[in-house]
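A.B. asks: fold the stuff below for me.
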Amino acid sequence: MAETRYFDKNDNDVVRHWQITLDGIRCRMGWGVAGGVMRGSSMTLDDEAHALRHFIRKISEKKRAGYVEVAPEAPQAKADEADVQLLDVVAHGDKYEPVAGHAGVFVIFHDFKAGPGPFYDYCILGETAGRGLSLVVKKPGHDDAMVSAFLDFVRPRVGLAFDGRSHHKVPLPAPIGPFDHVLFCAPSLTAANHGGRLGRVFPIRDCEIGDEDTETFVEARIQGRNSMPSTTWDREPFPVIDLKFDLRRAHGFEEMGGRTSVREKTFKVYPRAMVERGLRLMPEADPGSVLEIRNYRRDVLKVTPEQPRTLDEADRFLSGPATTAS
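C.D. replies: A predicted model of the protein is given here:
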């Protein structure tokens, strides 16, 4: 259950509002002046305990800055959302068309010439039509037969995104094109979840989401910087790349602008370019330096100055089923 706290500060007769919401591993903040537009930001923490500490710390900071806690405003009367079909909430006047052969599935095509480019936006409703899943497929790579097979698998399983877990990585009974798994995401992992009624779903390769990924890791893989291009169905594999490293060189790394060390103490999500850089730096590093690469199975490939690895070795480790860790 999310918790929201509200605060006001009178600053030379200007009333400033600030609020913070704790929702699982996320903290969302909003701020603005009375009568103005509220701005906001969101942060995903490592776990619920970390999120609670962040929540308490931010409140303490605001109190020290002179903000006083106030009661929330009474919500304005509005229509019962449970009586409004999800498609009506999502559409906002856009005309979604039913998908032939797939009851409860609707689609709209956005013919953008720039930005994200043209894409198909599917709304897959659950049995009650009060909740459902979003599926976006860019036009390049869109294939009617593949999408139809995917919808056949997903529609009976809409409830997976609403069972209290943040995500489910589910194997397909048979591959659909290059994909062998489906990722069901709860509304907490959806940027615009329409009141917690819209989850997200897309096909993946086995190597693209970790078997034991936490919600934090999944969010980083699908929404963070250098995230998986999940709406692109003709993409190359985008394997899990988690790195932890401690690279040191007394005389400094020229490639790093002369820095003598670069460290990451815990496994974090990184792009492939960072693997390439680490492998290049390793032959110059001092003894005791280490780069650890973790794949979707949580196997770890260790790289040291005494035991270097090639980029091909790393790519095979990240994408293939075989374990070559040491």
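
A.B. asks: any chance you could map the strands in the stretch 1-150 of the chain?
C.D. replies: If DSSP state E, counting those that start in this stretch is used as the criterion, the strands of the stretch 1-150 of the chain fall at 3-11, 14-23, 26-33, 39-44, 68-70, 97-98, 105-110, 119-125, 132-138.

A.B. asks: just the CA trace of the second one, in PDB.
C.D. replies: What follows is strand 14-23 as a C-alpha-only set of coordinates in PDB (Å, rounded to 0.1, in the frame of the first residue of the first chain):
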ATOM      1  CA  VAL A  14       4.000  32.400  -1.400                       C
ATOM      2  CA  VAL A  15       2.700  28.900  -0.400                       C
ATOM      3  CA  ARG A  16       4.900  26.200  -1.600                       C
ATOM      4  CA  HIS A  17       3.700  22.600  -1.700                       C
ATOM      5  CA  TRP A  18       5.800  19.400  -1.500                       C
ATOM      6  CA  GLN A  19       4.700  15.800  -1.300                       C
ATOM      7  CA  ILE A  20       6.300  12.400  -1.300                       C
ATOM      8  CA  THR A  21       4.900   8.900  -1.900                       C
ATOM      9  CA  LEU A  22       6.500   5.700  -0.800                       C
ATOM     10  CA  ASP A  23       5.300   2.800  -3.000                       C
END
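
A.B. asks: how distant is it from the center of its chain?
C.D. replies: Going by CA atoms, centre = their mean, to the nearest Å, the spacing between the C-alpha centre of strand 14-23 and its chain's C-alpha centre is 25 Å.

A.B. asks: what pairs with it, and is each one parallel or antiparallel?
C.D. replies: Strand 14-23 pairs in its sheet with strand 3-11 (antiparallel), strand 26-33 (antiparallel), by DSSP bridges.

A.B. asks: give me the residues contacting the helix or strand bottoming out on mean pLDDT in the chain.
C.D. replies: Of all the helices and strands that make up the chain, helix 86-91 has the lowest average by mean pLDDT, DSSP states H and E, namely a mean of 78. Applying CB atoms under 8 Å, 6 or more residues apart in numbering, the set of residues contacting helix 86-91 from outside is 81, 96, 106, 108, 123, 125, 129-132, 134, 194-195, 197-198. In this view, the C-beta of every residue, glycine as well, is placed from N, C-alpha and C.

A.B. asks: please pick the buried ones from those residues.
C.D. replies: Judged by neighbour count, with 16 or more other CB atoms under 10 Å as the criterion, the buried members of these are Tyr96, Phe106, Cys123, Leu125, Arg131, Gly132, Ser134, His194, Arg197, Leu198.

A.B. asks: quick check: which ranges of the stretch 151-300 of the chain have low pLDDT?
C.D. replies: In the predicted model, the stretch 151-300 of the chain carries pLDDT under 70 at residues 191-193.

A.B. asks: let's see that with 90 instead.
C.D. replies: Low-confidence segments of the stretch 151-300 of the chain, defined by pLDDT under 90, span residues 164-166, 187-197, 211, 214-216, 219-220, 223-226, 255-257.
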